[in-house]
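below are the sequence and a predicted model for it; my questions follow.
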Amino acid sequence: MQTVNDLMTYYPMTVAPDTPLEVVWTMIEGEDVRQLPVIDGQKLVGIITERDVRTVLRSEQFDIGSAEMVMTKNPITITPATPLYRAAEMLRAYKFGALPVVDDDKLVGIISISDFLDHAMEEPISDETIRV
């Protein structure tokens, strides 16, 4: 059985809670990511998404805001040993784009819908796969 460990992105880019939103936005745009885990030391304290930043992009708070102001605090997480089907269920049920992956309370990766799509594109489609 495949697990999150098989598909996750290891040691993703992260930001600190006090990272200015301008820097967060530059990272999101420049690295073409949609979610950034927020860590304090080695502890995951939140996740900030492209959508989170867009909501304040045109507000007066954007220039003075930090990741901590708009992040989702204490996000739902999974472990590397979580079965892939369970991670997919969680992404779908919660309508998340990604889930942080933690091991011993330390961020070790992130798994996203894009990871699942990339994996699906690697699998050849046969006539047996397509059933009407």
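Nice, I can see it.

ok, the residue lying closest to A81 once chain neighbours are set aside - contacts?
With C-beta to C-beta, 6 or more residues apart in numbering as the criterion, A81 has its nearest non-adjacent residue at 5.5 Å, and that residue is T3. Yep, even glycine has a C-beta here, placed from its N, CA and C like the rest. Each residue near T3 by C-beta atoms under 8 Å, 6 or more residues apart in numbering is listed here: 80-84.

separation between T3 and M13?
23 Å (C-beta to C-beta, to the nearest Å).

before we move on, what about D52?
As defined by C-beta to C-beta, D52 lies at a distance of 15 Å from M13.

who has more neighbours out of these two?
Taking neighbours as other C-beta atoms under 10 Å, D52 and M13 compare with D52 leading, 21 against 14.

retrieve the pLDDT associated with F62.
Among the per-residue scores, F62 shows a pLDDT of 61.

how about Y11, phi and psi?
Y11 adopts backbone torsions of phi 40, psi 70, taken as degrees, to the nearest 10.

how close does it sit to P37?
On the measure of C-beta to C-beta, Y11 and P37 end up 10 Å apart.

for the chain, what are the low-confidence residue spans?
Across the chain, the ranges flagged by pLDDT under 70 are 60-63, 123-132.

do a quick rundown of the strands in this structure.
9-10, 35-40, 43-49, 72-73, 98-103, 106-112 (DSSP state E).

which other residues reach stretch 5-25?
With C-beta under 8 Å, 6+ apart, stretch 5-25 has contacts from 27, 31, 33, 36-40, 45-46, 48, 53, 56-57, 62-63, 65-71, 80-81, 84, 101, 107-112, 115-116, 119.

actually, stretch 28-35.
Contacts with stretch 28-35, where a contact means C-beta under 8 Å, 6+ apart, come from 12-13, 27, 36, 47-50, 53, 97-98, 110, 112, 114.
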